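**Student:** Structure, please.
(chains A and B)
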Amino acid sequence: MENRKLNRLIALAGILNIIGLLSIVLTALKLTPITLIVSLTFGGVLIGLALVLYLYVVIKDLKARKVL
Amino acid sequence: MHGTELGLIKSVIVVLSVATIILVVYSVFIRKKNFIEDTNSKWLLFIGFFLLSPLVYFLNYGKALEQSKTVDFCNSCHVMNGYIEDLKNPDSEHIAALHYHYRWISDNQCYQCHSEYGLFGTFKAKMSGIGHIMSYYVVGYETPLKLKGTYNNQICLHCHGPVEEYQDVSEHEEYQQDIELNKQSCFGAECHVSPHPEDAWKGIDDGE
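**Tutor:** Predicted structure coming up:
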């Protein structure tokens, strides 16, 4: 049950990461004031959030294995 | 930074982004293995989330900040069209247009005159740029457009101050202190002509 929840969190992290990266690709291809702001704030937040979710899952896993 | 360098960085950003997306899609959605039990998935996502994604973000950050200094970027807001039109008009005798046409400023002409020198000059310029974007898209703005506060003469003096032709002008010597303290503007009826046309803002509502 716990593993299923953690796997879902990783899937969510993957989706957030992909959306963040797509916003960056959009800025790289067409730089306008709005794409600039979107990629630097929204994109950055999504990529950061994906990273935090990944860390959370890894730490949970390590705790379950009694490594931490 | 030259156009070719920016083009190369742009290609690197796009290639790395696409590679990272493929890596994440493969690890999470195609392999469909139990992430908790699968060490390979963990390492693949570590590379995607920890190494490639932040690298792409910071590369794009640097490139975007550099590119946002260009005249074309300023012109991407409709409200600036009238100003840039005058800037590129070879018959214009406004100060900004002369600096553009004679390449007294070689590139990023808007940015050079609207950012201060020194440690925090770029930071202040970027913060005010974000404020402009907010005004343009969210808060709104009033016309005619006005410069916020007083124009800092030090931006002009950075280039012109040490030049002999500048120092030889008696008015510059007479009002030196006032000029340096921004009490006397460089632009005015008895000094230099306005940097931009007074009615440049009218380009806003003409549907262009």
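
**Student:** And the pLDDT for residue B:10?
**Tutor:** For residue B:10, the pLDDT comes out at 93.

**Student:** what does residue A:66 give?
**Tutor:** pLDDT, read off for residue A:66, is 86.

**Student:** Quick one: residues contacting it.
**Tutor:** Neighbouring residues of residue A:66 by C-beta atoms under 8 Å, 6 or more residues apart in numbering or on different chains: there are none. Where C-beta positions appear, they are placed from N, C-alpha and C, glycine not excepted.

**Student:** Where does it sit: helix, strand or coil?
**Tutor:** Here residue A:66 is recorded as coil under DSSP: H, G, I helix; E, B strand; the rest coil.

**Student:** Ramachandran angles for the residue nearest to residue B:185 when sequence neighbours are not counted?
**Tutor:** Using C-beta to C-beta, 6 or more residues apart in numbering or on different chains and skipping the chain neighbours, the partner closest in space to residue B:185 is residue B:151 (6.6 Å). The phi and psi values for residue B:151, taken as degrees, to the nearest 10, are phi -70, psi 130.

**Student:** got a pLDDT number for residue B:151?
**Tutor:** 89.

**Student:** do you know how far it is from chain A?
**Tutor:** For residue B:151, the distance to chain A (C-beta to the nearest C-beta, to the nearest Å) stands at 23 Å.

**Student:** Any figure for the gap between that residue and residue B:128?
**Tutor:** 13 Å (C-beta to C-beta, to the nearest Å).

**Student:** so who does residue B:155 touch?
**Tutor:** B:112-117 are the contacts of residue B:155 under C-beta under 8 Å, 6+ apart.

**Student:** try 7 Å this time
**Tutor:** Contact analysis of residue B:155 by C-beta atoms under 7 Å, 6 or more residues apart in numbering or on different chains lists B:113, B:116-117.

**Student:** Keeping just the C-alphas, turn the helix or strand it falls within into PDB.
**Tutor:** Using DSSP states H and E, the element containing residue B:155 is helix B:153-160. Taking C-alpha atoms only, helix B:153-160 is exported to PDB below (Å, rounded to 0.1, in the frame of the first residue of the first chain):
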ATOM      1  CA  ASN B 153      22.900  61.100 -15.100                       C
ATOM      2  CA  GLN B 154      25.700  58.800 -14.000                       C
ATOM      3  CA  ILE B 155      24.600  56.400 -16.800                       C
ATOM      4  CA  CYS B 156      25.500  59.200 -19.300                       C
ATOM      5  CA  LEU B 157      28.600  60.300 -17.400                       C
ATOM      6  CA  HIS B 158      30.000  56.800 -17.400                       C
ATOM      7  CA  CYS B 159      30.800  57.200 -21.100                       C
ATOM      8  CA  HIS B 160      30.800  60.900 -21.600                       C
END
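
**Student:** For the residue of chain B found nearest chain A, list the residues it contacts.
**Tutor:** Here chain B gets closest to chain A at one residue, residue B:28, 3.8 Å apart by C-beta to the nearest C-beta. For residue B:28, the contacting residues are A:10-11, A:14, by C-beta under 7 Å, 6+ apart.

**Student:** Around residue A:3, how many other residues sit close by?
**Tutor:** By other C-beta atoms under 10 Å in any protein chain shown, 15 other residues sit near residue A:3.

**Student:** go on, the one 3 residues further on?
**Tutor:** The burial metric for residue A:6, expressed as a neighbour count using other C-beta under 10 Å, is 20.

**Student:** repeat for the one 4 residues further on
**Tutor:** The number of residues packed around residue A:10, counting by other C-beta under 10 Å, is 24.

**Student:** Quick check: closest non-adjacent residue to it.
**Tutor:** residue B:35 (4.7 Å).
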